[in-house]
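>>> Provide a 3D model corresponding to the input given below.
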Amino acid sequence: MTSRRTFLLKVIPAAGALAVLGGKAMAAPAAVVETDPQAIALGYKANTAKVDKAKFPKHAADQHCGNCQLFQGAATAATAPCAIFGGKLVANKGWCSAWVKKA
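Have a look, this model is predicted:
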């Protein structure tokens, strides 16, 4: 028979470990897919070189998510959350019509 003390000595550390690891075990945000309705409306492309220049004439080749003010990650990160897409991940080399030069 397990004593109350032995039980608590086993359960409390396990519960603490779960609490600490629980935040790290959360799923990563979803990536923006070019076929999402919002992505279509904003002309999002995962590769800035594939932007339709006829539809978005103000697009320039040096504009990409990595140098956009709305990109919420390091400029060198391959993907990061975007404020326009509700925190979904966008490609660093992607682009959309909401692009704003990073200050």
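
>>> where along the chain do the strands fall?
Secondary structure of the chain by DSSP state E: the strands cover 79-81, 89-91.

>>> would you list these in CSV and tack on mean neighbour count and mean pLDDT?
Quick note: C-beta positions are derived from backbone N, CA and C, even for glycine. Shown next, in CSV, are the strands of the chain (neighbours: other C-beta atoms under 10 Å; pLDDT from 0 to 100):
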stretch, mean neighbour count, mean pLDDT
strand 79-81, 20, 97
strand 89-91, 23, 98
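
>>> which one, of those strands, ends up nearest to Lys53?
Of all these, strand 89-91 sits nearest to Lys53, with 18.7 Å by C-beta to C-beta.

>>> show me how far that closest one is from its chain's centre.
Distance of strand 89-91 from the chain centroid (C-alpha atoms, centre = their mean, to the nearest Å) equals 6 Å.

>>> that one packs against which elements?
strand 79-81 (3 or more C-beta pairs under 8 Å, 6 or more residues apart in numbering; DSSP states H and E).

>>> that older thread, wait, which of the strands of the chain is closest to Val100?
Comparing the strands of the chain under C-beta to C-beta, the one sitting nearest is strand 89-91, at 13.5 Å.

>>> my guess is Ala91 meets Cys65, correct?
Yes. With contacts counted by C-beta atoms under 8 Å, Ala91 reaches Cys65, the gap being 6.2 Å.

>>> can you list the strands of the chain in a markdown table and add distance to Gln38?
Below are these laid out as a markdown table (distance: least, C-beta to C-beta, whole Å):
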| stretch | distance to Gln38 |
| --- | --- |
| strand 79-81 | 14 |
| strand 89-91 | 11 |
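
>>> relative to Ala30, which of these is closest?
Nearest of those (C-beta to C-beta): strand 89-91, 7.0 Å.
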